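> Need the 3D shape of this:
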Amino acid sequence: MLTLSEQPMVTDWEKKHVQAMHQWSKGYMTKASIIWEDILAEKPKDILALKFAHDTYFYLGHHPQMRDSIARVLPQWNKDIPLYSYLYGMLAFGQEENNLFSEAEKSAFKALSLNKRDAWATHAICHVNEMLGQQKEGNDFLEKTETDWSSCGMLACHNYWHWALYHIERGNYEEAVSIYEKAIRPRFATSGAMLDIVDAASLLYRLELEGVNCSDKWKESFEIFQPHIDDHVLSFNDAHIIISCLGSDNKNEAIRFLKSLQDFIKNGEGDNCVISQNVGKKLCEAILAYQDENFDAAVDILMSIRYQIITIGGSNAQRDIFNLLLINAALKSPLKQHNKLARSLLYERKSLKENAPMTDRLMARAMAIHID
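This next block holds a predicted model:
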């Protein structure tokens, strides 16, 4: 493609797209996003550059860029331009990830007023309800609009994942498992899409952290994950791969995965190679330590990278699984300072989301531990 792009009939605009894709294919996602932004400065209505940049920022945990990239071009669009409405859903997600919840809700409902089947805008509202602890509102919204978004192949599974989270938060585990069985499992089993598989692993792990036995459900997700053990495209995905290995009781595969990850760090290139070295590998080691009941080691590892985990990508809601892992490890650690840390982390969590029944349940466990 690079060679073809040097043909005289290829425009500079087209060449830049080829260059961006080439950088992305080598793992240099930041370099690719810079090229797409260069394109957008000249052609703000290039939806391909806009969407690719938006997704890349998401993969890198670059939340301000997700918001700002859309805000820079939106005034140069209008309702007569095809796909105009989708920009509001994209803006909404960027706003939500930067804790601009009221602005995000406004943008998302603007998108849905123009196109009620915009699953990305629906997904932004899911995030707002999750982060604000509005489980009932989230449940009611998804139930009311299900026929609008359930046919969206890319995001339907993820929106069902959000729906299940509301139930887990409220302790309605049977309802969450029902959503998994009826809506999530059939989708990830047939789509093979990484987001769908990640959603499945994430949901099962959250249920198990809550004490729900999901041992009979891991095998299928592991079998779909297994061909991707050596991919190492995103550290976010890698963390869920090792979760699935361990959940399905395939510890040998988990060890093989860690060896593959170390080889990638040594011989690979690109943004995720650096992220894996600094954060991703340690995160995976913490997950393994927790599984091996080395809870104090898991706490120490997670605390050392806690504020860097954002660099693995994903949303605030998706990465919350690692906050929950840290809290559970601290509660189970034999060290009293870790038990005290668990209380502090729960105070912090409560301050960010007041209506949080899960936090209340975890706090009850923390208060039952004698730490004086």
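> what comes up buried for the host helix or strand of Asp148?
Using DSSP states H and E, Asp148 sits in helix 135-149. By neighbour count on 16 or more other Cβ atoms under 10 Å, the buried set for helix 135-149 is Gln135, Gly138, Asn139, Phe141, Leu142, Thr145, Glu146, Asp148, Trp149. For the C-beta atoms, the positions are set from N, CA and C on the backbone; glycine is no exception.
> Next: stretch 198-217.
Buried, per 16+ other Cβ under 10 Å, within stretch 198-217: 198-210, 214, 217.
> what's the span of that stretch from first residue to last?
14 Å (Cα to Cα, to the nearest Å).
> for the protein, which spans come out with low pLDDT?
For the chain, the stretches with pLDDT under 70 are 5.
> Give me the most central residue, it.
What sits nearest the mean C-alpha location of the chain, by Cα atoms, centre = their mean, is Gly314, with 3.0 Å.
> rewinding a little: packing partners for the helix holding Asp148?
Here helix 135-149 touches helix 119-131, helix 156-169, going by 3 or more Cβ pairs under 8 Å, 6 or more residues apart in numbering; DSSP states H and E.
> so what's the residue nearest to the centre of the chain closest to, chain neighbours aside?
Distances taken as Cβ to Cβ, 6 or more residues apart in numbering place Phe236 nearest to Gly314, at 4.4 Å, with adjacent residues excluded.
> following the one helix or strand the one you found maps to, which helix or strand comes up?
In the assignment (DSSP H and E), Phe236 maps to helix 235-247. On the C-terminal side of helix 235-247, the nearest following helix or strand under DSSP H and E is helix 251-267.
> what ranges do the strands span in this protein?
Using DSSP state E, the chain contains no strands.
> now, the most widely separated pair of the buried residues of helix 135-149?
Gln135 and Asp148 (20.4 Å; Cβ to Cβ).
> out of the buried residues of helix 135-149, who's nearest Leu114?
Asp148 (12.8 Å).
> From what I see, the closest one and His123 are in contact.
No - if you go by Cβ atoms under 8 Å, Asp148 and His123 don't touch, sitting 12.0 Å apart.
> number of nearby residues for Ala364?
The number of residues packed near Ala364 is 10, by other Cβ atoms under 10 Å.
> distance of it from Phe322?
Remark: distance between Ala364 and Phe322 (Cβ to Cβ, to the nearest Å) = 22 Å.
> just Lys106 next, same as before
Distance of Lys106 to Phe322, given as Cβ to Cβ: 30 Å.
> So which residues make contact with stretch 103-111?
Defining contact as Cβ atoms under 8 Å, 6 or more residues apart in numbering, one finds that stretch 103-111 is touched by 85-89, 91-93, 95-96, 118, 120-122, 124-125, 127-128.
> Give me the distance from that stretch to the chain's centre.
The gap between where stretch 103-111 is centred and where its chain is centred comes out at 21 Å by Cα atoms, centre = their mean, to the nearest Å.
> got the CA coordinates for it in PDB?
Provided in PDB are the C-alpha atoms of stretch 103-111 (Å, rounded to 0.1, in the frame of the first residue of the first chain):
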ATOM      1  CA  GLU A 103     -22.800  17.900  29.100                       C
ATOM      2  CA  ALA A 104     -22.400  14.300  28.000                       C
ATOM      3  CA  GLU A 105     -26.000  13.500  28.700                       C
ATOM      4  CA  LYS A 106     -27.100  16.600  26.700                       C
ATOM      5  CA  SER A 107     -24.900  15.600  23.700                       C
ATOM      6  CA  ALA A 108     -26.100  12.000  23.800                       C
ATOM      7  CA  PHE A 109     -29.800  12.900  23.800                       C
ATOM      8  CA  LYS A 110     -29.100  15.400  21.000                       C
ATOM      9  CA  ALA A 111     -27.700  12.500  19.000                       C
END
